[in-house]
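**Student:** below is the sequence, then the predicted model.
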Amino acid sequence: MRKLRIALTKGRLEKKTVSLFTAMGLDCTQLINKGRRLILPVGEYEAVLAKAADVTTYVEHGACDIGIVGKDTIAESGKSFYEVLDLGFGKCRFALAAPKGSDFFSGHQVKSIATKYPNIARGYFDRLDMDVNIIKIEGSVELAPLLGLADAIVDIVETGSTLKENGLEVIEEIMPVSARVIVNMASMKLRRDEIESFLLDVVVAKEVMEQ
Ligand code: PRP
């Protein structure tokens, strides 16, 4: 049988994930000095470094058994897998933000919302029973209100400095975000013991790291 394969999110979550794996006693040498190799041995596991949305795709299809990815990507994806653990790092939040001083909820015209997360934004405005025009943007969503493209944005806010430096402010917080462990549904049945042992090691390492 092949080794359990874990999809890791590149970028913001990478460093903390390596710290977690190191605390689990896994040898992360190849993950740290990765060069251009795409599949890397990590202790008794195999790791794949991928963009967040691809992590959910790999885990949904069983190309990887386990994934470590942000709740933002999970909530936007609508994909099927088990979300089993909150890792407690990579903390930020989804928020509705608009130019400082603008009265977003006033007036009757349909507002335009720029976002990298159209499903999250749609769900939020549906709950408010508010009809909006959602514009999908791939990066630097904060630019949209400055260019007159949108009245507000739905985006993740971590320190708040991107909003502040661009004259925007949070109007409403939508939901908290942090890194999660996800598991492929078939792997959870077929390789339950190995997955449970991995998850137990994660929980213990997480507790040690938090002390
Ligand atoms: C995210 C998000 C904001 C920024 C918020 O973008 O889209 O732009 O971080 O962080 P802050 O509150 O600490 O300023 P990211 O840096 O991940 O880049 P991206 O636009 O390429 O996704």
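**Tutor:** That came through, no problem. Note that the coordinates shown come from a computational prediction; the quantities given were computed from them, not determined experimentally.
**Student:** pLDDT-wise, which helix or strand of this protein ranks last?
**Tutor:** helix 29-32 (a mean of 92; mean pLDDT, DSSP states H and E).
**Student:** next, the buried residues of it.
**Tutor:** residue 31 (16 or more other C-beta atoms under 10 Å). In this view, the C-beta of every residue, glycine as well, is placed from N, C-alpha and C.
**Student:** which elements pack onto that helix?
**Tutor:** Applying 3 or more C-beta pairs under 8 Å, 6 or more residues apart in numbering; DSSP states H and E, one finds that helix 29-32 makes contact with helix 14-23, strand 39-42.
**Student:** what residues does it touch?
**Tutor:** With C-beta atoms under 8 Å, 6 or more residues apart in numbering as the test, helix 29-32 has contacts from 8, 18, 21, 37, 40, 41, 42, 47, 49.
**Student:** quick check: longest strand of this structure.
**Tutor:** Secondary structure assigned by DSSP state E gives strand 168-177 as the longest strand of the chain.
**Student:** given that strand, what are its sheet partners and their directions?
**Tutor:** Using DSSP bridges, strand 168-177 pairs in its sheet with strand 92-99 (antiparallel).
**Student:** mean confidence for the strand it pairs with?
**Tutor:** For strand 92-99, mean pLDDT rounds to 98.
**Student:** who in this protein is up against the ligand?
**Tutor:** 139, 140, 141, 142, 155, 156, 157, 158, 159, 160, 161, 162 (C-beta under 6 Å from any ligand atom).
**Student:** go again with 5 Å.
**Tutor:** 139, 155, 156, 157, 158, 159, 160, 161, 162 (C-beta under 5 Å from any ligand atom).
**Student:** which elements pack onto the helix or strand the third one falls within?
**Tutor:** The one in question is residue 156. Here residue 156 sits within strand 152-157, counting by DSSP states H and E. Counting by 3+ C-beta pairs under 8 Å, 6+ apart, the packing neighbours recorded for strand 152-157 are strand 92-99, strand 111-115, helix 118-127, helix 143-146, strand 168-177.
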